Every structure is written in structure tokens, then in C-alpha cells.
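Asks: Below are the sequence and a predicted model; questions follow.
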Amino acid sequence: MKVLYAATVLCTYLLLSGINTPSLANDSLPKIKVVVIDAGHGGHDPGAIGITGVQEKNITLAIALKLGYMIEKNTEVKVIYTRKTDVFVELKTRTQIANNNHADMFISIHCNSVENNSAANRAESYVMGVDKNTANLTIAQKENSAILSEKNHESDYGGYDPNSTEDYIILSMYQNKFLDKSAILAKEIQAEFQAIGRQVREVQQAGFLVLWRAAMPSVLIETGFLSNKEEEAYLASEKGQTEMALAIYNGLAKEAHLPTMNMQDVKNLANKKPATTTSSTSNNQSSGVVYKVQICALQEKLEKKELEKRDPKLKNITQIEVEKAGDKLYRYFTGHCATYAEAEEVLTSVMKKTGYKAEIVAYKNGTRITLQEAKELENK
């Protein structure tokens, strides 16, 4: 499997080797309609841990939600989140969400850390591409190691080993037609970081799995170093998270023909209605509504591996959760969707993979409600 993977990627590299390192010219990105915001890590994967115990997954989620809120309130761009709560999402699923929703831009937010160097204190932006820099290798391997907690990572990622330098080099050879536009956005975001007083370095290329299959311009942002006590405190603060989200927003806005904002504009957003009604993700964020797809109900509680033994088709469902519904009844679900439309896509996929007559159900703050109630809350 690994040999096939290596050969495929190497052939891609040879075919695309004529692509030059992106010229970061002032060629603006086309006007965008859909942005996918990816908060790195989540659930059982905390990501980097700061000196005082701050977890990367919480910072990335806070910045992602603030960024999405700014976009939704100030533009007509639809925002889709790979996660809006503290849940684990597989790396391949994050990119699939962007591809399935025909996103125009994919932004993945992370925090960095480094051992034995508490002075590291910069923000960095990466695009998918070739780079043999040892520091970039370490960062990419660290972020890519999230796949080790995924059950089928060997088959899902073609045998890629995040601890293998050789595999990293092969993966980093993968360049796509969106490299130039990705680099343009990354450069603008870095300029905005610098404008608010953050230390930065030039846009870097590296082999990040979360960017690997993105069929649109995509950027991975390391917002700072949690191994630096001052940076950890900054990124954990409301002020730091808002400033970082605003810098990312303005970087996107300047290159995608969107209105820019300052901190006073952000403060005024609370009294401003969204510029669009096409996206309901922000409404659901405040309403507390979550849609799930109920696969089946059984009179016993089974682990996923036991379910798969009873019906091999369930191996095709990556995440299954169980809920006790009575003394001897358990419901089995997949999906954690912010909108009914997203849940419909999951439902279609589940029924196609399993043949089960699955159904969409809704919850508000952990309590099951009717779909009618959920839709009313979603449309408020």
C-alpha cells in the first residue's frame, strides 16, 4: 500500500514539477461564496498543551468561531465549520466537508509548540507544497500525528506514517493547481498578523495531511506557540483570540473583495444583523441545536466493533455514538451537524453505505426535540 501511495504521489510531483514556487503577486482571489473553517484537533485529541495546561483544541475552536462570526455578520459568504464543539473529527473528514460543500476557501487553525525553547513566539501560515526545512518537518509531523487516533488511518491515508521522514518528503511533493492562490492568501494573513504586532516569518510550504486533498485554495495557520508562557496567555485571552480572528478575517477580506474591519467594528457586530440569510450555522451556534442521523435502535448496548461483526456494512460509518433511550433500548447515531441541510447529506451517505432506513433527529443543549422545533429555532 505504501509503495503504491509513494508512486502515485511521486508521479503527481513529476507531472507538476514545472510549477514554480508561487509568485506572491497582487493577484486577488476571486469573490468567494463558501468558506470552511477548521478548528484543529478536538475531543480526545487536545493538540499541543501549554505551559499552564492550556489546550490547543480549545484555542483553535474559540478563534474559529470568532472568525466565522465575523464573516457571517459582515459579508454574504456562507460559513461551514468542521466542528463547532469539542468533538474529534478525522483529518480526511475535514477536507471532505470542504470538498462536499464546494468551498472556495479552506482555513485550518492551529497552535504550535516546541520543546526546550520557551522563547519561540511567532505566528506562521503554511500551504501544501515542497519544503525540506527541518522545522517545517517537525511541525507537519506533529499535526499529522492526529491520524494515529483514527481507527483506519493506515488504509485511509495510503499507509502514510507521520513519524517517517521519508513519508513526509513524499507527501510534501504533492502540489496542486491551488498553490499560488493559497500562498497569496497566506501572505496577506501574515501581513495582518504583523500589523497587530505579532512576530511572523515568510509563508512556508509543508506536507500537512489536512490540506492534502483540499480541492480549493487552503491555508494552515499556526497562531502562536503554547510553549511560550506569554504567547499561551495571549492566545488563551479574549483579546488575543479576537485579534487573531480579526487578522485572519482581514487577510481573507483584502484578497477576496470583502469589507475589512477594525476592533471597533467587531464590537459593533453584536448589534448588527447578518448580511446574509443563506447560512444558518451562526444561528444554530446560539440556539444550541444539533442534528444527528439515527442509524438504528437496539435492545442492547454494543461497541462499534461488535456492531461491525453483526453487520459489516457499519464499518463504512466512521463515527458511531450510542444513547440510552429506555431500560432496554439504545439508539445509535452518527453525525454532529449544525444545520438540517448538513444532516440531510449525512443521511444520504449513511443510507447509501448501509441500506438502513436511517432518520434525522435533533437535540437542543443535549435534550431531544422534534424536527419542527429544531427548524423553527434554526430559522429564527
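Replies: Cool, the structure landed. Residues are numbered from 1 along each chain as shown.

Asks: contacting residues for residue 115?
Replies: Residues in contact with residue 115 (CB atoms under 8 Å, 6 or more residues apart in numbering) are residue 227. C-beta here means a position set from N, CA and C on the backbone, and glycine is covered the same way.

Asks: Also the one 3 residues further on?
Replies: By CB under 8 Å, 6+ apart, residue 118 lies in contact with 51, 227, 228, 229.

Asks: Correct me if wrong: the first one contacts residue 227.
Replies: Yes. Residue 51 is within contact range of residue 227, at 6.7 Å (criterion: CB atoms under 8 Å).

Asks: Can you pull out the low-pLDDT segments for the protein?
Replies: The chain contains residues with pLDDT under 70 at 1-30, 129-177, 207, 210, 273-288, 318, 365, 379-380.

Asks: Let's see that with 50 instead.
Replies: By pLDDT under 50, the weakly predicted segments of the chain are 1-26, 132-137, 140, 147, 153, 157, 160, 166-175, 276-286.

Asks: and it, what are its domains?
Replies: Domain ranges of the chain: 2-279, 285-378, per automatic domain parsing.

Asks: hey, which of the ones you listed is tucked in deepest?
Replies: Ranked by mean neighbour count under mean count of other CB atoms under 10 Å, the domains of the chain are led by domain 2-279, which reaches a mean of 19.

Asks: Skipping adjacent residues, who's closest to residue 202 in space?
Replies: Nearest-residue entry for residue 202: residue 190, 7.5 Å, with adjacent residues in sequence omitted and distances by CB to CB, 6 or more residues apart in numbering.

Asks: So residue 236 sits against residue 54, correct?
Replies: Yes. Using CB under 8 Å, residue 236 makes contact with residue 54 at a distance of 4.8 Å.

Asks: Need the residues touching each of the two.
Replies: Joint contacts of residue 236 and residue 54 (CB under 8 Å, 6+ apart) do not exist.

Asks: Helix, strand, or coil at the residue lying closest to residue 319 once chain neighbours are set aside?
Replies: Nearest non-adjacent residue to residue 319, counting by CB to CB, 6+ apart: residue 334, 5.6 Å away. Under the three-state scheme (DSSP: H, G, I helix; E, B strand; the rest coil), residue 334 adopts strand.

Asks: Now do the contacts for residue 334.
Replies: Contacts for residue 334 were tallied using CB under 8 Å, 6+ apart; they are 292, 293, 295, 317, 318, 319, 320, 321, 346, 350.

Asks: Which ones among these map onto helices?
Replies: Under the assignment DSSP state H, those contribute 346, 350 to helices.

Asks: At which residues are the strands of the stretch 201-350 of the chain located?
Replies: Secondary structure of the stretch 201-350 of the chain (DSSP state E, counting those that start in this stretch): strands at 204-206, 218-225, 289-298, 321-326, 329-337.

Asks: So residue 340 sits against residue 360, correct?
Replies: Yes. Between residue 340 and residue 360 there is a contact under CB under 8 Å: 7.0 Å.

Asks: any residues in contact with both of the two?
Replies: Residues touching both residue 340 and residue 360 by CB under 8 Å, 6+ apart: 291, 371.

Asks: And residue 209, how far from residue 370?
Replies: Distance of residue 209 to residue 370, given as CB to CB, to the nearest Å: 39 Å.

Asks: got it, and residue 362?
Replies: Going from residue 362 to residue 370 by CB to CB gives 7 Å.

Asks: that older thread, out of the strands of the stretch 201-350 of the chain, nearest to residue 99?
Replies: The minimum distance between residue 99 and the strands of the stretch 201-350 of the chain falls on strand 218-225, with 10.5 Å, by CB to CB.

Asks: Residue 190 is in what secondary structure piece?
Replies: Using DSSP states H and E, residue 190 falls within helix 179-195.

Asks: could you dump that helix to CSV, C-alpha only?
Replies: The C-alpha trace of helix 179-195 is given here as CSV (Å, rounded to 0.1, in the frame of the first residue of the first chain):
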residue,chain,number,x,y,z
LEU,A,179,-0.9,26.5,-4.6
ASP,A,180,-0.5,30.1,-6.0
LYS,A,181,-3.8,31.3,-4.6
SER,A,182,-3.2,29.6,-1.3
ALA,A,183,0.1,31.4,-1.0
ILE,A,184,-1.4,34.7,-1.9
LEU,A,185,-4.0,34.4,1.0
ALA,A,186,-1.3,33.1,3.4
LYS,A,187,0.9,36.1,2.7
GLU,A,188,-1.9,38.6,3.3
ILE,A,189,-2.8,36.9,6.6
GLN,A,190,0.8,37.1,7.7
ALA,A,191,0.8,40.8,6.9
GLU,A,192,-2.3,41.3,9.1
PHE,A,193,-0.6,39.4,11.9
GLN,A,194,2.4,41.7,11.6
ALA,A,195,0.1,44.7,11.6
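
Asks: Can you check what angle separates that helix from strand 218-225?
Replies: Helix 179-195 and strand 218-225 are oriented at 30 degrees to each other (axes from the mean of the first three to the mean of the last three CA atoms, to 10 degrees).

Asks: And helix 179-195, what does it pack against?
Replies: On a contact count with 3 or more CB pairs under 8 Å, 6 or more residues apart in numbering; DSSP states H and E, helix 179-195 meets strand 122-128, strand 199-200, strand 218-225, helix 238-255.
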